[in-house]
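Colleague: Sequence and predicted structure below; questions after.
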Amino acid sequence: MANSGGFQEQVKHLGELVGQFDQMPDGPQKTAGKELIQLLMDVHAQGLERVIEIIFESGEAGSTLIDQLGKDEIAGVLLLLYSLHPDALETRVHAALERIRPRLRKLSCAIDLVSIDESAVRVCLTNSGHGCGSSTKELRGLVENGLYEIAPDIISLEILGLEEPSSTGFVALDSLLVNTLVGAVPARGGAR
């Protein structure tokens, strides 16, 4: 079996190289390089799409195999790269949330899906206040890692409810004065 950790490192390194390539000055070499990469991606996409079609045409066993490929740490990422993954983004987001809910429950937190719009995902994290003192950074990391592991094609992720609560309840006098003054100044151009 292939080493998924090694594969992840290769994907990361590939991303770094593509970033470096993009930073190169424009010229005939860069244009030829882009054309080579795009042609290679197109050939791979057509080949993988045909492999998936052949597997699918073999009936129930083929559908089961495609589902297994989608759940595999390496094959699933490759299928995502070429938009051939058997599960829709919403299905994978729900699966990721179900997978991280038990860990969040141990921290007295709950998570709910707010929306998925295109590839932008919004979730809401609620804390009962009786947790073990996990920081916002730790909770954010747990949610982000859990979602991106199963749905790496999420374009943007917004986590509502991660604002640090005020530890003392103290409100600075400056902030009260600013809010009072802003509310007292009439808006230009009439009411909206």
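Modeller: Now that the structure is in, tell me what you want to look at. In this text the structure is predicted, and so the values were computed from the model without any measurement.
Colleague: just the strands in this structure please.
Modeller: 109-117, 120-127, 156-160 (DSSP state E).
Colleague: The first one pairs with which strands, parallel or anti?
Modeller: In other words, strand 109-117. strand 120-127 (antiparallel) (DSSP bridges).
Colleague: all helices for this structure, in order.
Modeller: 4-23, 28-57, 60-71, 75-81, 89-106, 136-150, 173-184 (DSSP state H).
Colleague: so what's residue 189 scoring on pLDDT?
Modeller: We have a pLDDT of 43 for residue 189.
Colleague: ok, so what distance separates the spatially closest residue to residue 109 that is not a sequence neighbour from residue 96?
Modeller: In space, and not counting its chain neighbours, residue 109 is closest to residue 127: 4.9 Å by C-beta to C-beta, 6 or more residues apart in numbering. Backbone N, C-alpha and C define where each C-beta goes, glycine included. Applying C-beta to C-beta, to the nearest Å, the value for residue 127 to residue 96 is 19 Å.
Colleague: quick one: which of those two has more around it?
Modeller: Neighbours were counted for residue 127 and for residue 96 using other C-beta atoms under 10 Å; residue 96 has more, 23 against 17.
Colleague: That one is in contact with residue 146, isn't it?
Modeller: Yes - at 5.4 Å, residue 96 and residue 146 qualify as touching, with contact defined as C-beta atoms under 8 Å.
Colleague: what residue ranges in this protein score low on pLDDT?
Modeller: 1-4, 129-134, 163-192 (pLDDT under 70).
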